[in-house]
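Engineer: This is a predicted model, with the sequence first.
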Amino acid sequence: MNIHFIAIGGSAMHNLALALHDRGYRVSGSDDVIFEPSRTRLDRAGLLPESFGWFPDKVHSGLDAVILGMHAKADNPELSRAQELGLPIYSYPEFLYEQSKNKTRVVIGGSHGKTTITSMILHVLNYWDKPADYMVGAQLEGFDRMVHLTEENDFIVLEGDEYLSSAIDRRPKFHLYQPNIALLSGIAWDHINVFPTFDNYREQFRIFLEGIVPGGSITYNTEDPEVRALIEGLEAPIRKFPYETPAYEVVDGVTLLDTPEGPMPLKIFGQHNLNNLAGAQWICQQMGVDATDFYEAMATFRGAARRLELLAKSDSGYLFKDFAHSPSKAAATTHAVREQFPGKELIACLELHTYSSLNAGFLSDYRGSLDAADRALVFYIPDSLRIKGLAEISPEDIRRAFALPNLEVYTDTASLRDTLDQLDFTDSVLLLMSSGNYGGLDLQALAGKLG
């Protein structure tokens with residue numbers, strides 16, 4: 001097949017382009033900007049566009065399909081050309097469904113934990129050499145590409161993102177997959193730019209559940225009241241498998257999972273990650289991996305990229321970076337580090353970077369999210385509010401929202417860098433939480449302070 005990607009540089013889009021290229025498809029693409037690591041990976045495969053921008057002449061009648069990324073707008077000139085020619089146009093989740101209609105589709109959904117749970121499942125399958133197709137949003141140790149498609153594999157494991165599919169397909173991505181085996185980890189309001197109320201956001205998960213094929217299954221986190229309420233009201237002819245956080249303890253900085261074979265040390269930590277592990281175990285069991293084999297594989301799991309990633313450590317100090325940005329994720333991550341290192345000073349630094357986190361009406365949801373820290377810092381760039389068309393918020397607005405009178409609020413990278421440079425990492429943990437980069441903060445230089 002001859003496939004053209006509009007907005008080929010996105011995280012999921014470039015991985016799908018590489019996967020199709022590996023299968024022998026003829027792949028072309030365009031984008032107005034491509035960042036690393038997408039740029040180098042596309043270049044290595046010979047798929048990097050010669051020039052950045054949109055070029056309607058790349059779209060022609062010889063194409064079998066056009067795949068439209070979320071980054072491309074509805075008036076994109078290449079999209080307009082494809083529509084004029086009557087070419088088949090897919091969002092990437094729609095195309096993935098077309099590629100997997102004859103497979104058992106395993107879809108991991110939830111406001112938080114879905115990347116980690118998907119990563120755990122793939123790690124276990126890879127450990128035991130059980131082949132499966134997949135799509136996951138984070139880079140995994142031992143995996144070159146994060147989209148893998150074949151003709152022969154029976155299973156495909158999909159991270160079920162609730163964000164919109166494309167500029168012309170306003171359905172959430174996970175509505176398109178029609179899972180045979182599904183998991184729902186939790187519901188906490190997010191993406192308020194497209195889901196303006198919590199009721200509207202929660203409704204997307206109800207639709208996801210109703211999309212499970214008859215006779216399929218839903219594995220769900222019974223500790224989340226919103227999830228539990230949705231499942232209890234679900235009348236679809238499917239099997240229901242509840243899970244909860246398993247027993248564990250932290251001894252000398254090591255998390256020990258309670259298993260039938262005795263305490264098992266893990267390389268990950270935090271109650272939220274143990275809860276994710278329980279969900280992953282249920283899914284793996286449905287895919288043919290028994291508990292003993294699951295535990296053996298999970299003993300070697302180091303976590304998904306950008307999730308509680310240890311950047312540096314010294315004799316008594318640690319530096320972690322986590323992708324956490326929503327209130328629930330920030331609270332879970334801060335609590336996890338506090339529990340793992342109870343005797344150390346915990347300095348938590350959160351960047352408000354997304355549309356939701358910078359919205360004045362949403363800020364109050366962060367109340368209590370950094371309470372587990374000994375010292376709490378929040379960073380945001382005021383110009384981002386103007387760029388996103390949002391109302392101004394002041395440092396005092398943020399302090400009131402977090403309900404932390406001593407909260408330190410920074411609005412420029414230089415001031416934040418100066419503060420972090422002065423930290424004494426003796427018996428302390430610095431936890432950086434952001435989906436951005438703190439305005440270009442040099443994390444390698446910061447890590448160098450710990451040796």
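Structural biologist: Nice, I can see it.

Engineer: which outside residues touch the longest helix along the chain?
Structural biologist: Of all the segments assigned as helix in the chain under DSSP state H, the longest by residue count is helix 271-286. Contacting residues not belonging to helix 271-286 are listed as 106, 108, 112-113, 116-117, 120-121, 124-125, 181, 183, 185, 217, 219, 221, 223, 241, 243-246, 248, 255, 257, 266, 268, 291, 294, 298, 303, 308, 332-333, 335-336, 339 [CB atoms under 8 Å, 6 or more residues apart in numbering]. Every C-beta, even on glycine, is put in place using the N, C-alpha and C of the backbone.

Engineer: Could I get the CA-only coordinates of that helix as PDB?
Structural biologist: Provided in PDB are the C-alpha atoms of helix 271-286 (Å, rounded to 0.1, in the frame of the first residue of the first chain):
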ATOM      1  CA  GLN A 271       0.900   2.700  45.600                       C
ATOM      2  CA  HIS A 272      -0.300   3.800  42.200                       C
ATOM      3  CA  ASN A 273       2.200   1.600  40.500                       C
ATOM      4  CA  LEU A 274       1.300  -1.400  42.700                       C
ATOM      5  CA  ASN A 275      -2.300  -0.800  41.700                       C
ATOM      6  CA  ASN A 276      -1.300  -0.600  38.000                       C
ATOM      7  CA  LEU A 277       0.600  -3.900  38.500                       C
ATOM      8  CA  ALA A 278      -2.600  -5.600  39.800                       C
ATOM      9  CA  GLY A 279      -4.500  -4.500  36.700                       C
ATOM     10  CA  ALA A 280      -1.700  -5.700  34.400                       C
ATOM     11  CA  GLN A 281      -1.700  -9.100  36.000                       C
ATOM     12  CA  TRP A 282      -5.400  -9.600  35.300                       C
ATOM     13  CA  ILE A 283      -4.900  -8.600  31.600                       C
ATOM     14  CA  CYS A 284      -1.900 -10.900  31.300                       C
ATOM     15  CA  GLN A 285      -3.900 -13.800  32.800                       C
ATOM     16  CA  GLN A 286      -6.500 -13.300  30.100                       C
END
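
Engineer: Roughly how far does the spatially most central residue of the chain sit from Phe323?
Structural biologist: Closest residue to the average C-alpha location of the chain: Thr115 at 4.6 Å, with CA atoms, centre = their mean. Thr115 sits 8 Å away from Phe323 when distances are taken as CB to CB, to the nearest Å.

Engineer: Overlap of the contact sets of these two?
Structural biologist: Looking at what touches both Thr115 and Phe323 (by CB under 8 Å, 6+ apart), the common residues are Arg307.

Engineer: Could you list every helix and strand in contact with the helix or strand harbouring the residue nearest to the centre of the chain?
Structural biologist: Element membership of Thr115, judged by DSSP states H and E, is helix 114-127. Here helix 114-127 touches strand 104-109, strand 155-160, helix 271-286, helix 291-298, going by 3 or more CB pairs under 8 Å, 6 or more residues apart in numbering; DSSP states H and E.

Engineer: okay, those, which one's buried deepest?
Structural biologist: Mean neighbour count, computed with mean count of other CB atoms under 10 Å, is highest for strand 104-109 among these, reaching a mean of 27.

Engineer: got the contact list for Met120?
Structural biologist: By CB under 8 Å, 6+ apart, the contact list for Met120 reads Asn276, Leu277, Ala280, Met298, Phe301.

Engineer: and the following helix or strand past the helix holding Thr115, how far from the chain's centre?
Structural biologist: Of the helices and strands lying after helix 114-127 in sequence (DSSP H and E), the nearest is strand 133-135. Averaging C-alpha positions (CA atoms, centre = their mean, to the nearest Å) puts strand 133-135 15 Å from its chain's average.

Engineer: And the strands in the stretch 201-350 of the chain?
Structural biologist: With DSSP state E, counting those that start in this stretch as the definition, the stretch 201-350 of the chain shows strands at residue ranges 217-221, 239-243, 248-251, 254-259, 262-265, 309-313, 317-322, 345-351.

Engineer: Out of those strands, flag the one nearest Leu370.
Structural biologist: Distances from Leu370 to each of the strands of the stretch 201-350 of the chain were compared by CB to CB, and the smallest falls on strand 345-351, at 5.2 Å.

Engineer: Now do stretch 229-248: everything it contacts.
Structural biologist: With CB under 8 Å, 6+ apart, stretch 229-248 has contacts from 184, 187, 202, 205-206, 209-210, 212, 214-223, 255-258, 271, 274-275, 277-279, 281-282, 286.

Engineer: Show the buried residues in those residues.
Structural biologist: Among those, those classed as buried by neighbour count (16 or more other CB atoms under 10 Å) are 184, 187, 202, 205, 209, 212, 216-221, 223, 255-257, 274-275, 277-279, 281-282, 286.

Engineer: so where's the stretch 101-250 of the chain shaky on pLDDT?
Structural biologist: Low-confidence segments of the stretch 101-250 of the chain (pLDDT under 70): none present.

Engineer: ok, now which ones touch the nearest residue to Ser357 once chain neighbours are set aside?
Structural biologist: For Ser357, the nearest residue in space outside its immediate sequence neighbours is His325; the separation is 5.9 Å by CB to CB, 6 or more residues apart in numbering. Residues near His325 by CB under 8 Å, 6+ apart: Leu350, Glu351, Leu352, His353, Thr354, Ser357, Met433, Ser434, Ser435.

Engineer: returning to what we had before: quick one: closest of the strands of the stretch 201-350 of the chain to Ile192.
Structural biologist: Of all the strands of the stretch 201-350 of the chain, strand 345-351 sits nearest to Ile192, with 17.6 Å by CB to CB.

Engineer: Can you list the strands that that closest one pairs with?
Structural biologist: When sheet partners are counted by DSSP bridges, strand 345-351 sits next to strand 375-379 (parallel), strand 428-433 (parallel).

Engineer: Tell me which of the ones you listed sits most buried.
Structural biologist: Of these, strand 428-433 is the most buried (mean count of other CB under 10 Å), at a mean of 24.

Engineer: Pull out the CA atoms of that one and give them to me as PDB.
Structural biologist: Extracted as PDB, the C-alpha positions of strand 428-433 are listed here (Å, rounded to 0.1, in the frame of the first residue of the first chain):
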ATOM      1  CA  SER A 428      16.900  14.800  50.200                       C
ATOM      2  CA  VAL A 429      14.900  13.900  47.100                       C
ATOM      3  CA  LEU A 430      14.100  16.300  44.400                       C
ATOM      4  CA  LEU A 431      11.000  15.300  42.400                       C
ATOM      5  CA  LEU A 432      10.400  17.200  39.100                       C
ATOM      6  CA  MET A 433       6.900  16.700  37.600                       C
END
